[in-house]
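Engineer: no letters, just coordinates:
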């Protein structure tokens, strides 16, 4: 059996196990990268511990296409994918043992989250309100991301009927791990969405010209375009807006559990990055403000 044929089986199993499309796509990229390094037509016998070690120690794993060094966290994700595929080959009976069992993740620090300051957020919203208008879709989308911390996929999956502006709540039906949840809407964003929805009673909350939800790629372009128009030094992504919300909640509350709940993190370990990034709180504690 070729490595790529086994990969197809593995991806099908991941889908059957309910793994997200993003996770499946990552496994596909990583294992295909190894397959291309050995030879796309090679059999699974080439998926052995020695070949995996040579691959992970060489430029194919450590350098991006442009020759830049990959982040340690990116190579760690690659290691994890190769371990998972090796475990599958063994458990599915294709190989007598897991050839990736000796792969270990490298120790590396977690980078602080990229986020917009309060001043940058205010500037961005001011420009949107002025140039896109109170009823503008882009303004409503970016304001929603900043005010709720929703992941972009969850925000774009929102429908008009999911939003209850009177109660200040929105039902998020598409969340990480397929955990439907309810997010709290502040009075400001609830009033804004009430204006934006107008007399609509159903359909995507943020539709494109064809009436369907806009894509995550298009939303990313929207955020970057308006950030440039607002004169922001950085080029934020939709996830930067989520981090901005997380930092705002943590700085206001000083409570990781509250921040975890606001962001919908399954594990508080994902939330601790905001505590590490809050230097102002540390300065206040040390009396060096």
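Structural biologist: That came through fine. Remember, predicted model here, so these are calculated numbers, not experimental data.

Engineer: where do the helices sit along the stretch 1-150 of the chain?
Structural biologist: Applying DSSP state H, counting those that start in this stretch to the stretch 1-150 of the chain gives helices spanning 3-16, 21-38, 49-57, 59-62, 72-91, 118-131, 137-148.

Engineer: quick one, phi/psi of residue 174?
Structural biologist: As for residue 174, its main-chain torsions (degrees, to the nearest 10) stand at phi -120, psi 100.

Engineer: dump the residue contacts of it.
Structural biologist: When contacts are counted by C-beta atoms under 8 Å, 6 or more residues apart in numbering, residue 174 is found next to 153-154, 157. C-beta here means a position set from N, CA and C on the backbone, and glycine is covered the same way.

Engineer: and if you look at residue 96?
Structural biologist: Here residue 96 is in contact with residue 90 (C-beta under 8 Å, 6+ apart).

Engineer: tell me how far residue 194 lies from residue 185.
Structural biologist: Going from residue 194 to residue 185 by C-beta to C-beta, to the nearest Å gives 10 Å.

Engineer: repeat that for residue 144.
Structural biologist: Applying C-beta to C-beta to residue 144 and residue 185 gives a distance of 9 Å.

Engineer: next, show the common contact partners of the two.
Structural biologist: residue 193.

Engineer: my guess is residue 244 meets residue 115, correct?
Structural biologist: Yes. Residue 244 lies in contact with residue 115 (C-beta atoms under 8 Å); the separation is 4.2 Å.

Engineer: neighbour count winner among residue 194 and residue 185?
Structural biologist: The residue with more neighbours, out of residue 194 and residue 185, is residue 185; 22 against 14, by other C-beta atoms under 10 Å.

Engineer: distance of the more buried one from residue 147?
Structural biologist: Taking C-beta to C-beta, one finds residue 185 at 7 Å from residue 147.

Engineer: what pLDDT does residue 163 get?
Structural biologist: The score at residue 163 is 96. That number is its pLDDT.

Engineer: please name the nearest non-neighbouring residue to it.
Structural biologist: Nearest non-adjacent residue to residue 163, counting by C-beta to C-beta, 6 or more residues apart in numbering: residue 170, 4.8 Å away.

Engineer: could you say which helix or strand contains that neighbour?
Structural biologist: Using DSSP states H and E, residue 170 sits in strand 169-172.

Engineer: list the contacts of that strand.
Structural biologist: 148, 150, 154, 157-158, 162-164, 180-185, 264.

Engineer: okay, and which of the residues you listed map to strands?
Structural biologist: Using DSSP state E, the subset of the contacts of strand 169-172 located in strands is 163-164, 181-184.

Engineer: what is the nearest of those to residue 198?
Structural biologist: residue 163 (12.1 Å; C-beta to C-beta).

Engineer: would you confirm that the closest one contacts residue 196?
Structural biologist: No. Look at residue 163 against residue 196 with C-beta under 8 Å: they stay out of range, at 9.5 Å.

Engineer: circling back: got JSON lines for the helices of the stretch 1-150 of the chain, with distance to residue 227, mean pLDDT and mean neighbour count too?
Structural biologist: Listed next are the helices of the stretch 1-150 of the chain as JSON lines, based on distance: least, C-beta to C-beta, whole Å; pLDDT from 0 to 100; neighbours: other C-beta atoms under 10 Å:
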{"stretch": "helix 3-16", "distance to residue 227": "35", "mean pLDDT": "95", "mean neighbour count": "16"}
{"stretch": "helix 21-38", "distance to residue 227": "24", "mean pLDDT": "93", "mean neighbour count": "16"}
{"stretch": "helix 49-57", "distance to residue 227": "36", "mean pLDDT": "95", "mean neighbour count": "15"}
{"stretch": "helix 59-62", "distance to residue 227": "31", "mean pLDDT": "94", "mean neighbour count": "16"}
{"stretch": "helix 72-91", "distance to residue 227": "24", "mean pLDDT": "94", "mean neighbour count": "19"}
{"stretch": "helix 118-131", "distance to residue 227": "6", "mean pLDDT": "95", "mean neighbour count": "16"}
{"stretch": "helix 137-148", "distance to residue 227": "9", "mean pLDDT": "96", "mean neighbour count": "22"}
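
Engineer: of those, which is nearest residue 106?
Structural biologist: Residue 106 lies closest, by C-beta to C-beta, to one member of the helices of the stretch 1-150 of the chain: helix 72-91, at 5.8 Å.
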